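1. okay, sequence plus prediction incoming.
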Amino acid sequence: MRKPDLGAPPSGRFPVGLGWCKIRRRPMRILPALTVACILALPAQAAPRNDRLWAAAQEATPAAVETLKALVNIETPTREPAGMAQLGDLLAARLEGLGAQVEKIPAAAPAHGSVIVGRFTGTGKARILLIAHMDTIYPSGSLAKRPFRIEGDRAYGPGIADDKSGVAVILHSLSVLKAQGFRRYGQITVMFNTDEEQTSVFSGRIVTDLARKADVVMSFEPSTVGVEIIPRAAAGNGETRVIVTGRAAHAGAEPERGRNALVEAGDIVLKTRDLDDPARGFRFNWTQSTSGTIRNQIPDQAMISADTRHMSKAVLDEKLAQLAERLKTPLVTGTTAKVDYRPGRPGYFADAASNALIDKSVAVYREVGGALTPVPAMTASSDAGFAQLSGKPVIEGFGLPGFGYHSSEEEYVDLTRIAPRIYLAARMVMELSGQ
């Protein structure tokens, strides 16, 4: 479970954090390093609460709940063209209504819909990128089985936490800032992409490109209920495929002549389960399989696929080598198997500037009685990895605290955290803009 650059200095200084960062007469090419220095200078202590902003965030809560309902009620599986187009149109209109210039970037296969990019021009220098995603893992028809509903302090619905909560927090943080008349940023860029749940195959490069034009990136993946975490690292991911080749034969008349690729694939699954190694930041879990096209034929082909997450390239290489070694001794004589690893999203690892922003976020959240818990790493992956390829500071986890995403349990968000999360996002924009 996402880029700004603080711009050219006016009169030898530019605003960051709670003060002004002085810039001596140096070539403009060193600005990124100076940007990092200014971010590192952000005070990590909680400031007095901005009562006006806090009141506005609380007042925005009912509207944010209605936004969550509207977002959830449009089903957006990654590969669903109609729903993705509908939600893209809705979000483009919402951003335009807030004053953004909106660009739609049509997705290319296998993605659908359009990446929505909204740009807000302010009066300052800081360039801030806010990212979240429109797509969910739930297939069409899930909403009929799990409709949006509210029970107590929880709102339920497919994709409500991951990541429609992030979309809602962005929209209402911007709305609150607009109502406050705050425009001290240089440019706020908002990106809503359509294929994050499929490793951002299309949109990953757009994330990186937008991040290069920014100074700081804030990513709005959901946090966790109870203990609200903010990660200092997130795993890289990929897909590990094993392709098994056997020999076809009639399943009733002469199965002995066949070499059953499906049986061999099943054995591979069983004898490689221990490759999963969370203690070393490596997750390896078989999630998909295909084999055979005819019921009465011994299958000569099978393919199994494992979702693969890693915090270390060395550990990934070690585990893939172990997998390849185990394939050398098949259960079904006469079958062969080969490994095909397909890298996906790069990992995210907070650098010094990103860690300073994390610490500042903890302090800001404390202003409204919230508690963010930085964690060394999470083995989920996010577009923060693509953003960090830009070399810019990135912070992750600004969506609502939620539970049950990517599971058989009903996904929900904690409605009591809407106002604190809107406050957090808006205050961080203000801090980065140099209030």
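-> On my side now, so go ahead.

2. quick one: residue 306 is in a strand?
-> Yes - according to DSSP: H, G, I helix; E, B strand; the rest coil, residue 306 belongs to a strand.

3. could you check the pLDDT of it?
-> Note for residue 306: predicted pLDDT of 98.

4. what's the answer for the one 3 residues further on, then?
-> If you check residue 309, the pLDDT there is 97.

5. first to last residue in stretch 65-82, what's the distance?
-> 24 Å (CA to CA, to the nearest Å).

6. buried residues, it. List them.
-> Within stretch 65-82, the residues that count as buried by 16 or more other CB atoms under 10 Å are 65, 67-69, 71-72, 74-80. Where C-beta positions appear, they are placed from N, C-alpha and C, glycine not excepted.

7. tell me the one of these nearest residue 373?
-> Distances from residue 373 to those, taken as CB to CB, are shortest for residue 68 (24.0 Å).

8. so what's the closest one up against?
-> By CB atoms under 8 Å, 6 or more residues apart in numbering, residue 68 lies in contact with 148, 155, 157, 160, 164, 165, 168, 413.

9. for the spatially closest residue to residue 220 that is not a sequence neighbour, what are its contacts?
-> Nearest residue to residue 220, sequence neighbours excluded (CB to CB, 6 or more residues apart in numbering): residue 166, at 3.1 Å. Contact partners of residue 166, counting by CB under 8 Å, 6+ apart, are 132, 133, 219, 220, 221, 222, 398, 399, 400.

10. pull out the buried members of those residues.
-> Neighbour-count burial within the contacts of residue 166 applies to 132, 133, 219, 220, 221, 222, 398, 399, 400; the criterion is 16+ other CB under 10 Å.

11. nearest to residue 58, of those?
-> Closest to residue 58, out of all of the buried ones among the contacts of residue 166 and judged by CB to CB, is residue 400, at 15.1 Å.

12. do I have it right that the closest one meets residue 170?
-> No - contact criterion CB atoms under 8 Å: residue 400 and residue 170 do not qualify, at 11.3 Å.

13. tell me the SS of residue 288?
-> Counting by three-state DSSP, the backbone at residue 288 sits in strand.

14. surely it meets residue 302?
-> No - using CB under 8 Å, residue 288 is not in contact with residue 302; the gap is 11.4 Å.

15. so which of these two has more stuff around it?
-> Between residue 288 and residue 302, residue 302 has the larger neighbour count (other CB atoms under 10 Å), namely 24 against 11.

16. that one against residue 269, yeah?
-> No - with contact defined as CB under 8 Å, residue 302 does not reach residue 269; the gap is 10.4 Å.

17. ranges for the strands of the stretch 1-150 of the chain?
-> Defined through DSSP state E, counting those that start in this stretch, the strands belonging to the stretch 1-150 of the chain, from first to last, are 13-16, 19-22, 101-106, 114-121, 127-133, 149-151.

18. output these as a markdown table; include the columns distance to residue 378 and mean pLDDT.
-> What follows is the strands of the stretch 1-150 of the chain, written out as a markdown table (distance: least, CB to CB, whole Å; pLDDT from 0 to 100):
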| stretch | distance to residue 378 | mean pLDDT |
| --- | --- | --- |
| strand 13-16 | 28 | 31 |
| strand 19-22 | 31 | 34 |
| strand 101-106 | 29 | 98 |
| strand 114-121 | 25 | 98 |
| strand 127-133 | 17 | 98 |
| strand 149-151 | 27 | 97 |
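
19. from these, which stretch is densest packed?
-> Per residue and on average, the most neighbours among the strands of the stretch 1-150 of the chain fall to strand 127-133, with a mean of 29 (mean count of other CB atoms under 10 Å).

20. list the neighbouring strands of it plus their orientation.
-> Counting by DSSP bridges, the strands paired with strand 127-133 are strand 187-193 (parallel), strand 216-219 (parallel).

21. next one: that strand to chain centre, how far?
-> Taking CA atoms, centre = their mean, to the nearest Å, one finds strand 127-133 lying 11 Å from the centre of the chain it belongs to.

22. likewise stretch 107-120?
-> For stretch 107-120, the gap between its own C-alpha mean and the chain's C-alpha mean amounts to 15 Å (CA atoms, centre = their mean).

23. for stretch 232-249, same thing?
-> Stretch 232-249 sits 22 Å away from the centroid of its parent chain (CA atoms, centre = their mean).

24. end-to-end on it?
-> In terms of CA to CA, the two terminal residues of stretch 232-249 are separated by 53 Å.

25. in that stretch, what counts as buried?
-> For stretch 232-249, using 16+ other CB under 10 Å, the buried residues are 232-244, 246, 248-249.

26. and which of these is nearest to residue 282?
-> Residue 282 lies nearest to residue 235 out of the buried residues of stretch 232-249, by CB to CB, at 8.5 Å.

27. who are the contact partners of that closest one?
-> Residues 281, 283, 309, 310, 311, 347, 377, 378, 379, 380, 381 are the ones in contact with residue 235 under the rule CB under 8 Å, 6+ apart.

28. go with 6 Å
-> With contacts defined as CB atoms under 6 Å, 6 or more residues apart in numbering, the neighbours of residue 235 are 309, 310, 311, 347, 379, 381.

29. what sits opposite the closest residue to it other than its chain neighbours in the beta ladder?
-> Distance criterion CB to CB, 6+ apart; nearest residue to residue 235, sequence neighbours excluded, is residue 309 at 4.0 Å. Here residue 309 sits in beta bridges with residue 237, residue 283, as judged by DSSP bridges.

30. nearest to residue 110 among the contacts of residue 166?
-> Compare each of the contacts of residue 166 with residue 110 using CB to CB and the shortest gap goes to residue 133, at 15.1 Å.

31. list the contacts of that closest one.
-> So, once contact is read as CB under 6 Å, 6+ apart, residue 133 ends up touching 163, 193, 196.

32. for the nearest residue to the last one once chain neighbours are set aside, give the beta-bridge partners.
-> Nearest-residue entry for residue 196: residue 133, 3.5 Å, with adjacent residues in sequence omitted and distances by CB to CB, 6+ apart. With DSSP bridges applied, residue 133 shows beta-bridge pairing to residue 193.
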